[in-house]
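**Q** could you work out the structure for the sequence below:
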Amino acid sequence: MSAASNNSVKGARARSARGERAREGLKKAALAVLERDGYHKMRIADVTTEAGVAQGLFYHYFKDLKSLTLEVLTDFASASNDPLQIERDVSRGDWYARIYAHNLVIVRSYAKRPGVMRCLLQLADEDEAFSGMLRENYRNQLMWLVEIMPKLFPEVRFRKHQALMVVYALAGIGEGLMREYFINESKTLRAAALSVEQFTELLTTMFYRALFLRQPDEKQLKYTRNLTAMVKPN
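**A** Model prediction:
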């Protein structure tokens, strides 16, 4: 290869790397604008100003504002969905800790980016494909437990889809609470002023109680330790 050709290849790679950084910069800026202003109020000028680039550069990387928004929100929704990664520091036999680890990922997303979580719901109402992706992600987040249920409770002899319905029912309770607390900012609920860890512990304790019909180990509890007294005598 000639020196000129070699320089041409190096130049193309450099431009590609710079282009990728510029593209990622626009996506990062869009995430910040979505959090601050919301999906319906966001404009291309808002994104390019946030990214510190000329407005004309936007169309070099994205077709329109919706295509950018779909990519940014899809990346956000798909992050940290690997059960093995989520449970990497948790003992397989510690069910409370395993459930806590999964809840912590979700609660952190709501707490850190409530505006983005609101945008996820808004876009899901308007775009069928995006809505389907979110539902599939949600299903995948729960399937690790669904698939284990027949082995975890062999005496139950779960019928087809029964384990799925049970897990969905339990998880749905937490979803409603997180929306009210983080997205809708219910004054009644926000008065509790819970930390991410306390919120996660609450969800995990109630999920564990409902799933196993017993209390978690008190040694693992702080905020909800007093809830171990919530046992109605036979």
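**Q** burial check on residue 135, number of neighbours?
**A** 11 (other CB atoms under 10 Å). C-beta coordinates here come from the backbone N, C-alpha and C atoms, glycine included.
**Q** go on, the one 4 residues further on?
**A** For residue 139, the number of neighbouring residues by other CB under 10 Å comes to 13.
**Q** quick one: list the elements packing against whichever helix or strand it is part of.
**A** Per DSSP states H and E: residue 139 is located in helix 128-146. Contact partners of helix 128-146 among helices and strands, from 3 or more CB pairs under 8 Å, 6 or more residues apart in numbering; DSSP states H and E: helix 65-78, helix 95-112, helix 114-126, helix 162-178.
**Q** got the ones you listed as TSV, with distance to residue 214 columns?
**A** Listed next are those as TSV, based on distance: least, CB to CB, whole Å:
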stretch	distance to residue 214
helix 65-78	33
helix 95-112	11
helix 114-126	32
helix 162-178	15
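**Q** need those in JSON lines with mean pLDDT and distance to residue 33, can you?
**A** Formatted as JSON lines, the helices and strands packed on helix 128-146 follow (pLDDT from 0 to 100; distance: least, CB to CB, whole Å):
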{"stretch": "helix 65-78", "mean pLDDT": "93", "distance to residue 33": "10"}
{"stretch": "helix 95-112", "mean pLDDT": "94", "distance to residue 33": "16"}
{"stretch": "helix 114-126", "mean pLDDT": "94", "distance to residue 33": "9"}
{"stretch": "helix 162-178", "mean pLDDT": "93", "distance to residue 33": "23"}
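**Q** looking at these, which is nearest to residue 87?
**A** Smallest distance to residue 87 across those (CB to CB): 5.4 Å, for helix 95-112.
**Q** which of the residues in that closest one are buried?
**A** Neighbour-count burial for helix 95-112 flags 95-104, 106-107, 109-111 (criterion: 16 or more other CB atoms under 10 Å).
**Q** returning to that earlier point: what angle do helix 114-126 and the helix holding residue 139 make with each other?
**A** Interaxial angle, helix 128-146 versus helix 114-126 (axes from the mean of the first three to the mean of the last three CA atoms, to 10 degrees): 110 degrees.
**Q** ok, residues contacting the next helix or strand after helix 128-146?
**A** Using DSSP H and E, the helix or strand that follows helix 128-146 in sequence is helix 149-152. Helix 149-152 has contacts (CB atoms under 8 Å, 6 or more residues apart in numbering) with 156-158, 163, 166-167.
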